[in-house]
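Student: Here you go, sequence then predicted model.
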Amino acid sequence: MFKPYHQNFEKTVTIEFEGIEFRVPDTITVAAAVLSYAGENHTSISPVSAKKRAPHCFMGICYECLMEINGIPDQQACIVKVEEGMKINRQLGFSGGGEL
Amino acid sequence: MSELRDIIVVGAGPAGLSAALTASGLGLDVLVLDEQPALGGQLYRNIEKANEQTLKILGSDYGRGRHLIEKFRNSNAEHLAGATVWNIEANGNVYYSKAGQSSEIRGKHVILAIGAAERSVPFPGWTLPGVMGAGAVDSNFKSSGTIPEGPVVFAGSGPLFLSTLGHMTSLGVEIGAVLDTTPQGNLLAALPFLPRAMKRLDYFLKGAGMLLNLRRLGIKYAKGINGYEAHGRDRVEKVSYSSKNGVQHVEAGVFLVHEGLVPRCDFTQLLGLKHCWDAAQRYWYPQINHVGATEIDTIYVVGDGAFVHGGMPAITKGSLAAVDIAGKLNALPLDSKTVTLAKLEKKLSSELDFRPFVDVLFRPRSNLFKMSDQTLVCRCEEVTAGEIRRAINEGCLDSNETKAITRCGMGRCQGRMCGSALNEIIIDELNRQPLDTQPLRMRPPVRNISLAELSQLSLFKNRVR
Ligand code: FES
């Protein structure tokens, strides 16, 4: 959904998204990394219908980017910056009536 | 860290940084709390690490932030990044969460510099992955250096819409179409404000240059659009839009929407401050005086969170509040306070020359919130406009009652995405004046934190109420 425009970053870090390692610029947020470097189109699923959801606001308002970061669930991936060795997972649990 | 500070500033954007560095320059002890990982707010996001290429593309509106942040770094003000404030009390108590732990701190004064957010307007398909705020993607570029993969379709109106469009064309983003929703009668209505606005000829030239550039690049540009929908299975694939020429379609990999900016009022509403309604821009804003003071002596509101004026005015508004507080805390003699405030007010007034024209020129279309019954209004709990209308017709009289019955506004975003749409439906269905309606009530915690974190919160030992 996103691609890097330039690669001139002072520093990069290695993160792990769903078990696969990626090298990403150190200024990037988790949400941005998932949608570009990891090549994903969604970050979460609707707790009601289990439909796929992705960041809408990129600034902490919509909560469509809730992910598990370093084992802690429900983190807003759009306001958390990547860090060396960070482990990121999508949360696939939901409470509603839809089907996975 | 001492528990009582002279000033706690919430938000490290243009207004917050300016307030903090002005106050600390006057000898006050200032702490800035900000939930973003880096200084700069949305406008100056990640500017300390921006490379030359990015600075060139984003231009002086962005680059200017460097100077402000440099001054802030050289001041004595303290900054906590990644600190999400979730409660503020009238006595100056501020509660925030950082790295999974909550703390309480107190300010003699609290300056709210929360900023603005893109107006959230529900339409069919707006929950599909790939449908995003245009400003959101602009901000995201600043910190990540990534751009959306096309074809990118733009829909909306307003200054930020145009500047984002300009940035994305300069970045070589593949643009599928630009759907301008600005009502075509607005220009005529804005003409009386033109003479004052002409003082900022540079803005006109910038806008005109941008539109010419679209034409030069052969980008499809449609005016007078009065509605749009996103279609797709697991992500947006197509956008349909309507105008007086009927309904048309365009392919889309990403759909960027922007229907203007609105002040973020969650904390001012939580504090029970009086809010006014701006009829031109259709939004609530907290009632403040000329220096940003509210009816609660401890609390000030500055920047776009007080009224959307843009970056430069936000900086001035931040300084105004800081100087006023310095006077109250005896850090500044009365006569120099009066002189400084007068200077700043004059500066602000000239910075606002363009604003009345822009506010009317980009007045939102009248059918903005006339969504179909099938449209999901509440993204989190998936409540449709039809369900909301039914509840109202069965007797719900305000947003809070409707929320209790339908669950609209009860999900993880706590009504931030659907709150204004919900209130607009009530205005419509019950034929109310906006000022006679009661928007969703805010309650702490105003940001989501875990129960475990809440239970571990250690409160002040000598708490004063
Ligand atoms: S993308 Fe909206 S809260 Fe993270």
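Tutor: Perfect, I can see it now. Numbering: from 1, shown residues only, chains lettered A, B, ... in the order given.

Student: Please compute how far the worst-scoring helix or strand of chain B on mean pLDDT lies from its chain's middle.
Tutor: Least confident helix or strand, chain B: helix B:201-216 with a mean of 83, by mean pLDDT, DSSP states H and E. Per C-alpha atoms, centre = their mean, to the nearest Å, the displacement of helix B:201-216 from the mean C-alpha position of its chain is 25 Å.

Student: middle-most residue in the chain, spatially?
Tutor: Using chain A. In chain A, the centroid-proximal residue (C-alpha atoms, centre = their mean) is residue A:31; its distance is 3.6 Å.

Student: wait, I meant chain B there
Tutor: Note: chain B centre (C-alpha atoms, centre = their mean) maps to residue B:116, 1.5 Å.

Student: Chain A: helices as residue ranges?
Tutor: Secondary structure of chain A by DSSP state H: the helices cover A:30-35.

Student: That one: strands as residue ranges?
Tutor: Secondary structure of chain A (DSSP state E): strands at A:2-4, A:12-17, A:20-25, A:44-45, A:52-53, A:66-69, A:72-76, A:87-89.

Student: quick check, the last one touching the ligand?
Tutor: The reference is to strand A:87-89. No. For a cut-off given as C-beta under 6 Å from any ligand atom, strand A:87-89 has no contacts with the ligand; the smallest distance is 13.6 Å. C-beta coordinates here come from the backbone N, C-alpha and C atoms, glycine included.

Student: What strands line up against that strand, and which way round?
Tutor: Strand pairing for strand A:87-89, determined by DSSP bridges: strand A:12-17 (parallel), strand A:66-69 (antiparallel).

Student: From residue B:448, how far off is the residue nearest to the centre of chain B?
Tutor: Distance, residue B:116 to residue B:448, by C-beta to C-beta, to the nearest Å: 21 Å.

Student: Nearest residue to residue 89 in space, ignoring adjacent ones along the chain?
Tutor: In the absence of a named chain, chain A is used. Distances taken as C-beta to C-beta, 6 or more residues apart in numbering or on different chains place residue A:68 nearest to residue A:89, at 4.3 Å, with adjacent residues excluded.

Student: try again with chain B
Tutor: Closest residue to residue B:89 apart from its sequence neighbours, by C-beta to C-beta, 6+ apart: residue B:271 at 7.8 Å.

Student: Would you mind measuring from the one you found to chain A?
Tutor: Distance, residue B:271 to chain A, by C-beta to the nearest C-beta, to the nearest Å: 19 Å.

Student: what's the answer for residue B:176, then?
Tutor: On the measure of C-beta to the nearest C-beta, residue B:176 and chain A end up 14 Å apart.

Student: how about residue B:167, secondary structure?
Tutor: Classification of residue B:167 using DSSP: H, G, I helix; E, B strand; the rest coil returns helix.

Student: Report how many residues lie close to it.
Tutor: 23 (other C-beta atoms under 10 Å in any protein chain shown).

Student: Spit out the contact partners of it.
Tutor: Applying C-beta atoms under 8 Å, 6 or more residues apart in numbering or on different chains to residue B:167 gives the contacts B:57, B:58, B:138, B:141.

Student: Tell me the predicted confidence for the residue nearest to residue B:89.
Tutor: Turning to residue B:271, the model gives it a pLDDT of 97.

Student: so it makes contact with residue B:298?
Tutor: No. Contact criterion C-beta atoms under 8 Å: residue B:271 and residue B:298 do not qualify, at 9.5 Å.

Student: which neighbours do those two share?
Tutor: Taking C-beta under 8 Å, 6+ apart as the contact definition, residue B:271 and residue B:298 share the neighbouring residues residue B:90.

Student: is it fair to say residue B:32 lies in a strand?
Tutor: Yes. Counting by three-state DSSP, residue B:32 falls inside a strand.

Student: Under the pLDDT cut-off, which ranges of the chain? List them.
Tutor: No chain specified, so I'll use chain A. Applying pLDDT under 70 to chain A picks out residues A:93-100.

Student: ah, I was thinking of chain B
Tutor: B:1-2, B:458-465.

Student: how does it divide into domains?
Tutor: Domain segmentation of chain B under automatic domain parsing yields B:4-117+B:262-332, B:120-259, B:376-432.

Student: now residue B:319: how far from residue B:278?
Tutor: Here residue B:319 is placed at a distance of 24 Å from residue B:278 (C-beta to C-beta).

Student: So if I had to pick from those two, which one is more boxed in?
Tutor: Comparing residue B:319 with residue B:278 by other C-beta under 10 Å, the one with more neighbours is residue B:319, at 25 against 15.

Student: which non-adjacent residue is nearest the more buried one?
Tutor: Counting by C-beta to C-beta, 6+ apart, the residue nearest residue B:319 is residue B:22, at 4.4 Å.
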